[in-house]
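Peer 1: turn this into a model:
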Amino acid sequence: MFRKKSEKEIDKKELNEVISLGKKILSVIYILIFIVSIYVITIIFKEWKIWGFLLTILKVLFPLFIGLGIAWLFDPFVKWMEKKGIRRSLGTFITYLLVIGGISIIVGSIVPLLTEQINEFAKSIPGVIDSLKGWVSTILSSFEDVKGFDVNSLEKDIFKTISDFGINLTKDLPVLTVNIITSMISGLGVILIGMVIGFYLLISFDNVNNSFTSLIPKRFYKTAKGLMTATNYSLRKWVRGAVLDCTAIFIVTSLALWLVGLKAPMLFGLFCAITNIIPYAGPYIGGAPAVIVGFSQGVPIGILTLLSIVLIQFIEGNLLQPVIMSKTTKLHPVVIMLGLLIFGHFFGIIGMVISTPIISVCKVIFEFLNDKYNIVNISENEDED
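Peer 2: A predicted model of the protein is given here:
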């Protein structure tokens, strides 16, 4: 089969092609086995009700996770101060002072303004609903001459939907604000415990890392250490980029919406900043409510709001993300969209927010293991010998 006409020499090129094809098929089989294994594990967890038990454990250990997150997040800054000759304990204390002071300033300056804008927006909702009805009525009036098209019936249905939405929004918006604040206050104890844990972990974060790595068998230590370094680097870049990106979007969007005359610009700016974490779909989710409210205030404000959102998202997508985010995920758009659909289905908006970093970490882990064990990668220049 692999011999040339002389029947003495092996056709090395054809043999290499067959070997390469076999490796690719084997790689696909590995991936299918991995997917099936995850599916089976999920079914087992669901049938044995392990998820509920794990969620209970996670709730109990939530302060510990908060502490680990704080220590992990601020460890580079404390290390930087260590290099400047500041003791780690003092550097941790300074870090906490700066963080608590910064949060206090932000909360003290933004929350009252945001609360005031929410209350004003809630009071103006009836007027916004009336404007929206007039806008819909004007559009539908152009279809009155169309035969077989019941404009009045459609108008009544739309008006009822708008009215119900406005009534629910008027009732729910202040209640929702109070519920969020109440939830934050009720969870303040857990957060404080987490911050205390984080303080002590941050003082000796290297020892914490060593404690975890000491549990790893010696023959896997080098691999595990390299894998932890790779995932740690990827996550830090994503968190740092996401925070800077969202902060910039919040400031610029709030300012732009205030200039065009939109009601509650900080509220919509904050919503745009939060949803902007979600790739591709986030800007549309965040910008749609602002545009709707803008058109309800008047066509000029609606057009200016739409243009502002589009321009900001264009600049963010072509300038801020490449510069700030540094293309940290490097994921194919199809992979990101599938992740959004899957995580969004199971975990809602929070799932859509965390889908990209989780997939990115999985990709880093796979690439690291693939580079080390050559699970999937096929060399383009196969050795013909």
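
Peer 1: quick check: which ranges of the stretch 51-200 of the chain have low pLDDT?
Peer 2: Applying pLDDT under 70 to the stretch 51-200 of the chain flags residues 51, 122, 143-151, 165-187.

Peer 1: where do the helices of it begin and end?
Peer 2: Remark: helices assigned in the stretch 51-200 of the chain by DSSP state H, counting those that start in this stretch are 62-83, 88-141, 151-186, 188-203.

Peer 1: need those helices in JSON lines with distance to Ser211 and mean neighbour count, can you?
Peer 2: The way it works is simple: take the backbone N, C-alpha and C, and place the C-beta from them, glycine included. Output for the helices of the stretch 51-200 of the chain, formatted as JSON lines (distance: least, CB to CB, whole Å; neighbours: other CB atoms under 10 Å):
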{"stretch": "helix 62-83", "distance to Ser211": "12", "mean neighbour count": "17"}
{"stretch": "helix 88-141", "distance to Ser211": "16", "mean neighbour count": "14"}
{"stretch": "helix 151-186", "distance to Ser211": "32", "mean neighbour count": "12"}
{"stretch": "helix 188-203", "distance to Ser211": "11", "mean neighbour count": "16"}
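
Peer 1: can I get the ones you listed in TSV with distance to Ala288?
Peer 2: Formatted as TSV, those follow (distance: least, CB to CB, whole Å):
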stretch	distance to Ala288
helix 62-83	31
helix 88-141	14
helix 151-186	14
helix 188-203	32
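
Peer 1: among those, which is nearest Ile285?
Peer 2: Closest to Ile285 of the helices of the stretch 51-200 of the chain, according to CB to CB: helix 151-186, at 17.0 Å.

Peer 1: about what we covered before: and of the helices of the stretch 51-200 of the chain, who's closest to Ile50?
Peer 2: Counting by CB to CB, Ile50 lies closest to helix 62-83 out of the helices of the stretch 51-200 of the chain; the figure is 18.4 Å.

Peer 1: the closest one vs helix 188-203, what angle?
Peer 2: 40 degrees (axes from the mean of the first three to the mean of the last three CA atoms, to 10 degrees).

Peer 1: mind exporting helix 62-83 as CSV, just the C-alpha atoms?
Peer 2: Extracted C-alpha coordinates of helix 62-83, given in CSV (Å, rounded to 0.1, in the frame of the first residue of the first chain):
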residue,chain,number,x,y,z
PHE,A,62,-18.3,32.0,50.7
PRO,A,63,-16.4,34.3,53.1
LEU,A,64,-13.2,32.2,52.5
PHE,A,65,-13.6,32.6,48.7
ILE,A,66,-14.1,36.4,49.2
GLY,A,67,-10.9,36.5,51.2
LEU,A,68,-9.0,34.4,48.7
GLY,A,69,-10.2,36.7,45.9
ILE,A,70,-9.1,39.8,47.7
ALA,A,71,-5.7,38.4,48.5
TRP,A,72,-5.2,37.2,45.0
LEU,A,73,-6.4,40.5,43.5
PHE,A,74,-4.1,42.8,45.5
ASP,A,75,-1.1,40.5,45.9
PRO,A,76,0.8,42.1,43.0
PHE,A,77,0.4,45.6,44.5
VAL,A,78,1.7,44.4,47.9
LYS,A,79,4.6,42.7,46.2
TRP,A,80,5.4,45.9,44.4
MET,A,81,5.5,47.8,47.7
GLU,A,82,7.7,45.0,49.1
LYS,A,83,10.2,45.7,46.3
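
Peer 1: packing partners for that helix?
Peer 2: Contacts defined by 3 or more CB pairs under 8 Å, 6 or more residues apart in numbering; DSSP states H and E place helix 62-83 against helix 88-141, helix 188-203, helix 205-213, helix 218-260.

Peer 1: could I get these as JSON lines with distance to Asp164?
Peer 2: Below are these laid out as JSON lines (distance: least, CB to CB, whole Å):
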{"stretch": "helix 88-141", "distance to Asp164": "10"}
{"stretch": "helix 188-203", "distance to Asp164": "35"}
{"stretch": "helix 205-213", "distance to Asp164": "53"}
{"stretch": "helix 218-260", "distance to Asp164": "26"}
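
Peer 1: ok, which of these comes nearest Ile44?
Peer 2: Ile44 lies closest to helix 218-260 among the helices and strands packed on helix 62-83, at 25.8 Å (CB to CB).

Peer 1: contacting residues for Ala273?
Peer 2: Residues near Ala273 by CB atoms under 8 Å, 6 or more residues apart in numbering: 246-247, 249-250, 253, 286.

Peer 1: ok, 7 Å please
Peer 2: 246, 249-250, 253 (CB atoms under 7 Å, 6 or more residues apart in numbering).

Peer 1: and the helices of the stretch 51-200 of the chain: which comes nearest Ala264?
Peer 2: Closest of the helices of the stretch 51-200 of the chain to Ala264 is helix 88-141, at 4.0 Å (criterion: CB to CB).

Peer 1: wait, Ile70 touches Ile197, no?
Peer 2: No: counting by CB atoms under 7 Å, Ile70 does not reach Ile197; the two are 8.0 Å apart.

Peer 1: what residue ranges in the stretch 201-350 of the chain score low on pLDDT?
Peer 2: For the stretch 201-350 of the chain, the stretches with pLDDT under 70 are 279-280, 317-333, 347.

Peer 1: now the helix or strand that Ile19 is a member of, how far from the centre of its chain.
Peer 2: Per DSSP states H and E: Ile19 is located in helix 12-47. With CA atoms, centre = their mean, to the nearest Å as the basis, helix 12-47 stands 29 Å off its chain's centre.
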